[in-house]
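> I would like to see how this sequence folds:
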Amino acid sequence: MHPKQYVGMAMRQLADVPGLAPGSPGRNIRKVGVIGAGLMGKKHAGLIGADDTCSLAGICDPNSNCRSLADDLHVPFYRDMEELLERERPDGAIIATPNELHADGVELCAKHSVHVLV
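Numbers count the residues shown, from 1 in each chain. Coordinates of the predicted model:
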């Protein structure tokens, strides 16, 4: 499946969540954060930025060299996942970290009631 199809699928799932559906007061565009700015994170961030049903809330990666991706997309950059979730309060997050770090991202998203795609 093409990465754009994954993002589209995630956006459709968010649209099914009460209060997030298009047409809900103030909720026509869903905010999505990307956690992990490697190869897959870059692809997801670019696809979110090009989708008119969502906006890229921010990018998180512990490597400060990844800040250039956030700068290129004109979104905030964070080195700490929890800081991104607390400050940007996204509706959803895409976990694009190495496999062994997926659980940490999912747990933090659950703690902040943020929908997640791994």
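> and the most centrally placed residue in the chain, what does it touch?
Nearest to the geometric centre of the chain sits Gly33, at 2.4 Å (CA atoms, centre = their mean). By CB atoms under 8 Å, 6 or more residues apart in numbering, the contact set of Gly33 is 56-60, 84-85, 88, 90, 92-94, 114. (Glycine included, C-beta is placed from N, CA and C.)
> quick check: pLDDT value at it.
For Gly33, the model assigns a pLDDT of 97.
> how about Thr53?
84.
> do I have it right that it meets Leu47?
No - Thr53 sits out of contact with Leu47 when judged by CB atoms under 8 Å, with a separation of 11.4 Å.
> mind listing the strands for this protein?
30-35, 54-60, 77-78, 92-95, 115-117 (DSSP state E).
> Glu82 and His102, how far apart?
Distance of Glu82 to His102, given as CB to CB, to the nearest Å: 16 Å.
> who has more neighbours out of these two?
His102 (16 against 13; other CB atoms under 10 Å).
> next up, the contacts around the more buried one.
His102 neighbours (CB under 8 Å, 6+ apart): 95, 118.
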